[in-house]
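Chemist: everything below, folded, please.
(2 chains)
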Amino acid sequence: MIDHEELVLAELRRIAAEVDGPPHLVLEAARAAFLMRRLDAELAELVADSAIDDGPVLVRGVEDGLRLLSFETDRVSVEVQVTEDGERRSLLGQVEGASGEVEVETSADHRVVVLDDSGRFTVEDVPSGTVRLHLVADDGSPVTTSWVSL
Amino acid sequence: MSDVGALVTAAGSGDQAAWDQLVARYSSLLWSVARGYRLGGADAADAIQTTWLRLVEHLHRIEDPERLAGWLVTTLRRECLRLIRRSGRERPMDDDAMPDVPDDSDPLDSGLLLAERDAALWRTFEAMPPRCQRLLRVLMASPPPSYADVSAALDMPVGSIGPTRQRCLDHLRKLVDGNDVLSDPASRRGTP
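Modeler: Modelled structure (predicted):
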């Protein structure tokens, strides 16, 4: 015998599917995400994100609109400080274990910036949304960071 | 569910059709979780897309495909909390309250609802305490999620899901019984 509560939940499930199911564009974007596979590069995992790791009771860190991200592989580390200005983001990065250029990939475009002698880079005017970075490690192997939503 | 492993393996070797099947299987769950956290349409879409992109990166590292749903909702939960925090209205999550994120999408247009009874039931659901809305919205995913996945999605002990679900549904039933449209026996005719 099915209890009353189970029936109500089934009704709500049916209504939710009618009025609040995943939108078509969300499904389409999810299928298209598969095209973003990069098999040639080593993944630099997101190991720290001040926007997620800080507890909810934390009085806002450093300052409003500032976010610190850390990515790592065994050989390469990337620290990125993200500044928010409306819908635009600025990135200030510090790289260890790689040199040369950094390719900044967003859902809209790719752009290339050059690392300075200290392994720093800056990118201005990045649209909000998903971003990842491509670098070349000192041993010549390609490295790609995890996607982050800025 | 053992075919999830086969889909993950196939997607890992470049099979877009297998990937599409994973998307089809878990999209309702992910959307339900994001909506349970009351993200608006744009934020929900953003958090879910980040989650899928992370899975693309990690296809080769999913050690236990049986726990893929748990992995997805855990990843999504973190993104949801980030967006909630970002809205600057975060309160501790041990609450009966829930962060009140502005909903910029307004997808729940009652005009879309087929029956007045459905509309009334949905409005009743939306009038429930946020804690109940969050749990019930996740349980509304289709197919219904396992308690392990609900636990991962809401960072809630598995053992408390059943009792909380019961309390919330009891509460809902009381609201329903006090509602003319919903408690009218005539309007129940034809419902399962």
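Chemist: the host helix or strand of residue B:78 packs against which elements?
Modeler: Element membership for residue B:78 (DSSP states H and E) is helix B:68-86. Applying 3 or more CB pairs under 8 Å, 6 or more residues apart in numbering or on different chains; DSSP states H and E, one finds that helix B:68-86 contacts helix A:50-53, helix B:16-36, helix B:41-58, helix B:147-154. The C-beta positions use only the backbone N, C-alpha and C, and glycine is treated the same way.
Chemist: which helices and strands does the second one pack with?
Modeler: Using 3+ CB pairs under 8 Å, 6+ apart as the contact criterion, the elements in contact with helix B:16-36 are helix A:24-32, helix B:3-12, helix B:41-58, helix B:68-86, helix B:130-139, helix B:147-154.
Chemist: pLDDT of the last one, averaged?
Modeler: Helix B:147-154 shows a mean pLDDT of 95 in the predicted model.
Chemist: likewise for the second one?
Modeler: On average, the pLDDT along helix B:3-12 is 93.
Chemist: hmm, who's touching it?
Modeler: Contact partners of helix B:3-12, identified using CB atoms under 8 Å, 6 or more residues apart in numbering or on different chains, comprise A:34, B:17-19, B:21-22, B:25, B:59-60, B:62, B:65-66, B:68.
Chemist: any idea which helix is longest in chain A?
Modeler: helix A:4-19 (DSSP state H).
Chemist: name the residues of that one that are buried.
Modeler: Residues of helix A:4-19 classed as buried by neighbour count (16 or more other CB atoms under 10 Å in any protein chain shown): A:8, A:9, A:11, A:12, A:13, A:14, A:15, A:16, A:19.
Chemist: ok, the fifth one touching residue B:140?
Modeler: In this case it means residue A:13. Yes. Contact criterion CB atoms under 8 Å: residue A:13 and residue B:140 qualify, at 4.5 Å.
Chemist: what secondary structure does residue B:174 sit in?
Modeler: Using DSSP: H, G, I helix; E, B strand; the rest coil, the structure places residue B:174 in helix.
Chemist: that one: what's it in contact with?
Modeler: Here residue B:174 is in contact with no residue (CB under 8 Å, 6+ apart).
Chemist: how about the longest helix of chain A and chain B, touching?
Modeler: Yes. Legend: contact between helix A:4-19 and chain B by CB under 8 Å from any CB of the partner chain is shown at A:4-5, A:7-13, A:15-19.
Chemist: helices or strands up against that helix?
Modeler: Applying 3+ CB pairs under 8 Å, 6+ apart, we find helix A:4-19 packed against helix B:116-126, helix B:130-139, helix B:158-177.
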